[in-house]
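Enquirer: give me the fold of what follows.
(chains A, B and C)
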Amino acid sequence: MIRYIIRRLIGVVIMLGVISVATFVLFFAVPVSPAALSCGKSCSPAIIKQVSHKLGLDMPIPVQYGKFMAGIFVGRDFGEGSAITHCPAPCLGISYHDPTDTPVTNLIKEDFPVTFSITIGGAILWLLIGVGVGVLSGLRKGSIFDRAAMVVALAGVSLPSFFTGLLVITFVVAKWKILPLPAYVNFADNPLSWAQNLILPWITVAFLYAALYARLTRANMLETMSEDYIRTARAKGLSEAVVIRKHGLRAALTPIVTIAGLDIGGLLGGAILLETVYNFNGIGRLAVNAVNTLNLPVIVGTVLVAAFFIVMANLIVDVLYAFVDPKVRLS
Amino acid sequence: MGERMTLLATRAQKVAVVGACLALAVTACGGSSKSSNSSGPTGKKGGTLFLINDADFDHLDPQRTYVSNSLNFTERFMNRTLVTYKSVPGPSGSELVPDMATDLGRASDNNKTWKFTFKDNLKWQDGSPVTCADFKYGVSRGFATGVITDGPTYAFADLKLDLKADGTPVYGGPYVAGSNGGFDNAVQCTDPKNIVFHLAKPIGDFNYTLSLPEFAAVPQAKDTKAQYDNTVFSDGPYKIETYSRSKQLTLVRNSNWDPKTDNVRKAFPDKIVVKMGADPNVIDTQFISDTGDAKTGIMNATNVQPQDLDRVLNDASLKKRAVNGFDGFALYIAINTSKVKNLKVRQALAYAMNLETFRGAYGGKEYGDYARGIITPALKSHKDFDVFGIKKSPTGDPAKAKQLLTEAGVKTPYPIKFDVRNRPATVKAAAAAKEALERNGNFAVTLNPLPVGPYYGLIGKKATQSDISGGGWGPDWPNGSAVIPPLFGGNLSTVDGSTNYSQLKDPKIDSLIDAATSETDLTKQAKLWGGLDEAVVQDAAAIPTIWTKTTQMYGSGVKGAFLHSFYGEIDVNALSVA
Amino acid sequence: MTAPLTTDPSTQTADPEAILAGQSAKQIEGRSLGQIAWLRLKRDKVAMVSLGLVILFLLVAILANVLAAIEGQGPFKFNSETLNFDHGSLPRGHFGGVSSTHWLGVEPTTGRDLFARLVFGARTSLLVALTSTVLSVGLGSLFGVMAGFFGGRIDSLISRSMDLILAFPQLLLLIALTPVAIDRLAGLGIGGGAAHLVYLITVIGFFGWPYIGRIIRGQTLSLREREFVDASRSLGATNSHILFKQLLPNLVAPILVYSTLIIPTYISLEAALSYLGVGVIEPTPSWGKMLSDSVVYSYADPTYLLIPGVALFALVLAFNLFGDGLRDALDPKAGR
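Expert: Numbering: from 1, shown residues only, chains lettered A, B, ... in the order given. From the prediction side, this is the model:
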């Protein structure tokens, strides 16, 4: 088991390395000099040169990459003389502008709680609702509940999530004034207000995912319950409740765990649409703003962090699997 | 420079325009400083004022601020200057009054030496006195261009300094050792009560330049260099309590600010909270429904969006919570004269335009007036001309365009690539232009939407700029000299990053610019700029499109809101919420 | 099961596994896989209605110019007379300017005809979604089959590549790469609206292939071990024979189902990208763009919001329902 985990961890490190190279190459080939963009209105070639030098952009790309990677482990200094900006490890570079000279790591750290709050609350909601509805629907195939649930689920997967969110803002907030416009509040500051402000984003994200999960769970349930071993279990005289709980659910929900792991990992790297719709300053918004201003270090940083979450989610899911199913370790 | 400061304008780069009071005429409109306080609105002390902003300030570091909402904010709340603008509605808002200085400055040596005397009892937020050395140090920071980025360095260009071969100052600011390059002589603290500026050439309105926060004081001991944005040290009525960049900024009262030394600032609220990063459409919703923070807040750096304009301006209950007026900006389409070399083709472009649909895409009449020049009517340099017959026919004259293209002997449809800033309304307006230009098979237009933030950087790259590029301009000081030379000066035509988006290098225009700049009689100078405006439009180096208006809302709990003529937005100084 | 297939449902569902697994192809006389699926599908009313809807949308897209011509309007024309420029450039008249000239009203601030933009928008949205789907399904099937069939190094190379692509935050990358990619495309001589379309299709298609690649690889792995493959191999069949004559026909079902279900997600993705400002560009209409533009007009002009909203929802729903039906028809065990 430990050997398996170590093997997978090495794989993860290699994967992250390849991703960092790919990201770096992709983005440091942008059409306009980042130094020119960050030197403002009264820009002159001399100032561009100064800024390029300060940001280390006058070095060859492989050297820049080396410095970047070194910065992650030991930190980095930008600039010279008495105007040094220190970027402590893990350093992902410093932001070119909006705000200037701030370590990217700090920006991500600041914004992460927002993304984390949206994701975790949403995930709990959609797992409870989606899986619950899916199981019930699967067990009562063809019932009114099943039909109604599946119609709603279809609507859920057919509406783009940004559109759902905007409809919610338009009606729930602006027109009917049921809830105020959400604005992120730190959990530590006021847990109640935190939850109250997050309820709309949670509902929005959960509407989409719960619909997906309900459909998936239902299909898995139906498939599992028609398997031979279920028939065998029933034949043994086990009560239906025991059959469902002990045999049905376990097999039907295992694939859901995989998908949930990946979805949560993906969202943790930035719930772009949701954060944009609700104006929450999470990692997704940070990334979108960085794209709009071609703020390269922030783009690269957020891409890497998002990739990190996806890769880690994969790893965790696989390790969990390996615990459940020893065969996985051998493959 | 820059397009309207709406939406995601991270670098709208707008410094507002000053209305009626023009340069040199200091005595005429600088007026008596003592009356200014009584003429402004009154209010009660207390409460929290919210500023709802779609983005963070460009900078709060006084030497780095450049966008008008940042100027308004830092000047009114934290960083006082020697002289500043009145806080009153109407054109008088553009009049200068003494701030930290006792008067508007005394010029001598044919306007080449300017001397200011400090008021007594000026203090920093820690109670220490504001000294002449602090002012001098503040000015010196602006020369550290590698660290103190984004500020308008031209503000220092007038000082009498040693220059390098490329025309930039030898002096490199306080963070690097090396030559002082004449800085100590250019900015002198002759004694603790006085500061003297020595200029390279006579400038009659130098005190207007001094109202920019680039000339604000910074105490050397508190200078955190590139990080000073976050740690601005206040000599105004408020100081930073907390600042989470791009999210929220909270100011609280500065107990060491003495209202007796200040004729301008009212400082009614106890606390100022700036909320940043909301979508402009959502900000509209907040103010229209008058809920939450918006109830005791104002729109800042964002204005009412096209879809809400009509409702806000025509519903009496909303209109009474809105300010509406010209913001000093001219939108225009720069024609890249290095690509579209044929004058007749350029004129054809201008005739083929349809300003009605173009302005319609922004929301119609409520968005502004059809422009006929780049210098707006708010300036004295404005000249009322109508080269392309806009007054008679804002929808353009495609037949005339066709005729010009035929005369030019070019193949039609003539291909045109159009750079456009990728914002919804801007791109729609560009689509309107495309449709208009393609009438009669005159042109074949390809739109080239570019990212919002780096837009001006991208079109400023001279080699890759398209045939035409959308732009907007608000002059940095109230004169044609802040419009024509930066947009059409031949010296900038090939400089990457320069604002000459027409890439115009016309000896005739350049000699006229030289003549206007050296004209000492400002009334005559204004006429020359007006003539130049007409000349560049005749030359079809740019198609003026809209003189824009702004509409901003404030909450029902806010009193004293008015559109300030210099800042082009609600003056944050006069507001009360108690 | 050698008896001729009847329409009796009990016989149809009797051996569902066999159909997908491909054993049935030879065993069921006279009926190909497709015929069986079609028979099942025909009996599924919901699926047939949604298929009808999908075909209708496709026809609308194909005949966009004809439909617009019947109405007498074009998608790009600014109709100033329909707008009130003194009042926020909002459409004159009721329901966003609905009239006998403009069947669905006009777009606020431009006056462009919404019916014409809707039918031309269907063309853009379906073009992006269908082409991206072809691209990702094509790549996914090719690499999935190769990985599954050849195994070994080829498999691990392809599998690791899929892991790598899947590890990138896709939406973020789609947005972030736009300026770079558009600049590069311009260098290749592809500019303006075409560049954005090409970009959308390639990146959506490219980032989508590993999903289907994984599924196809898994299916191929299990098929490879089946007796009929062993049998043909022992009879001396070449690799290409096994690939194209044995495996591929058996993979048609999952490929079809997956394609049908991925189209609606791509339609939504195009809409989301337009909302984030990196979709197709003006003046090209697309449903995603119409929707994102119209959202802010929910107060001033609700009709404008309703039109693309309903259209997009109906299209995505139709594809989803049809995809469900198709899956059920090809693999009844997944069950309804």
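Enquirer: burial count for the residue of chain C found nearest chain B?
Expert: Nearest to chain B, among the residues of chain C, is C:Gly88, at 3.0 Å (C-beta to the nearest C-beta). Yep, even glycine has a C-beta here, placed from its N, CA and C like the rest. C:Gly88 has 29 neighbours, counted by other C-beta atoms under 10 Å in any protein chain shown.
Enquirer: so how far is C:Pro108 from it?
Expert: For C:Gly88, the distance to C:Pro108 equals 8 Å [C-beta to C-beta, to the nearest Å].
Enquirer: what do those two both touch?
Expert: B:307, C:300 (C-beta atoms under 8 Å, 6 or more residues apart in numbering or on different chains).
Enquirer: name the element the closest residue to the residue of chain C closest to chain B other than its chain neighbours belongs to?
Expert: With sequence-adjacent residues excluded and distances taken as C-beta to C-beta, 6 or more residues apart in numbering or on different chains, C:Gly88 is closest to B:Asp310, at 3.0 Å. Using DSSP states H and E, B:Asp310 maps to helix B:306-314.
Enquirer: packing partners of whichever helix or strand comes after that helix?
Expert: Next helix or strand after helix B:306-314 toward the C-terminus (DSSP H and E): helix B:316-319. Using 3 or more C-beta pairs under 8 Å, 6 or more residues apart in numbering or on different chains; DSSP states H and E as the contact test, the elements touching helix B:316-319 are helix B:306-314.
Enquirer: which residues touch residue 118?
Expert: All of this refers to chain A. By C-beta under 8 Å, 6+ apart, the residues touching A:Ile118 are A:198, A:201-202, A:205, A:267, A:271, A:274-275, A:280, A:282.
Enquirer: right idea, wrong chain: chain C
Expert: C:Leu118 touches C:104, C:285, C:287, C:290, C:307-308, C:311, counting by C-beta under 8 Å, 6+ apart.
Enquirer: can you redo those residues as CSV with pLDDT?
Expert: Shown next, in CSV, are these (pLDDT from 0 to 100):
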residue, pLDDT
C:Leu104, 90
C:Pro285, 90
C:Trp287, 88
C:Met290, 89
C:Ile307, 89
C:Pro308, 89
C:Ala311, 90
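Enquirer: quick check, nearest of those to C:Ala147?
Expert: Checking those against C:Ala147 by C-beta to C-beta gives C:Trp287 as the nearest, at 35.4 Å.
Enquirer: show me what from the stretch 201-336 of chain C comes close to chain B.
Expert: The stretch 201-336 of chain C has residues C:277, C:281-283, C:293, C:296-297, C:299-301 near chain B, with proximity defined as C-beta under 8 Å from any C-beta of the partner chain.
Enquirer: which ones among those residues map onto helices?
Expert: Counted as lying in helices by DSSP state H, out of these, are C:Asp293.
Enquirer: biggest separation within the residues of the stretch 201-336 of chain C next to chain B, which pair?
Expert: Every pair of those checked by C-beta to C-beta; the farthest is C:Ile281 and C:Tyr299, at 26.5 Å.
Enquirer: and the two? which has more neighbours close in?
Expert: Using other C-beta under 10 Å, the more surrounded residue of C:Ile281 and C:Tyr299 is C:Ile281, with 26 against 16.
Enquirer: who's in contact with that one?
Expert: B:427, B:447, B:449, C:192-193, C:196.
Enquirer: inside strands: which ones of those?
Expert: Those of the contacts of C:Ile281 mapping onto strands are B:447, B:449, per DSSP state E.
Enquirer: possible to save the contacts of C:Ile281 as TSV with distance to C:Ala318, neighbour count and pLDDT?
Expert: Shown next, in TSV, are those (distance: C-beta to C-beta, whole Å; neighbours: other C-beta atoms under 10 Å in any protein chain shown; pLDDT from 0 to 100):
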residue	distance to C:Ala318	neighbour count	pLDDT
B:Val427	30	21	91
B:Leu447	32	25	90
B:Pro449	31	24	84
C:Gly192	31	19	68
C:Gly193	27	17	73
C:His196	26	24	84
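Enquirer: quick one: name the residues of the stretch 201-350 of chain B near chain A.
Expert: Residues of the stretch 201-350 of chain B lying near chain A (C-beta under 8 Å from any C-beta): B:225-227, B:229-230, B:244-247, B:275, B:277-279, B:282, B:285-286, B:288-289, B:291-292.
Enquirer: next step: those residues restricted to strands.
Expert: If you go by DSSP E, these have B:244, B:275 in strands.
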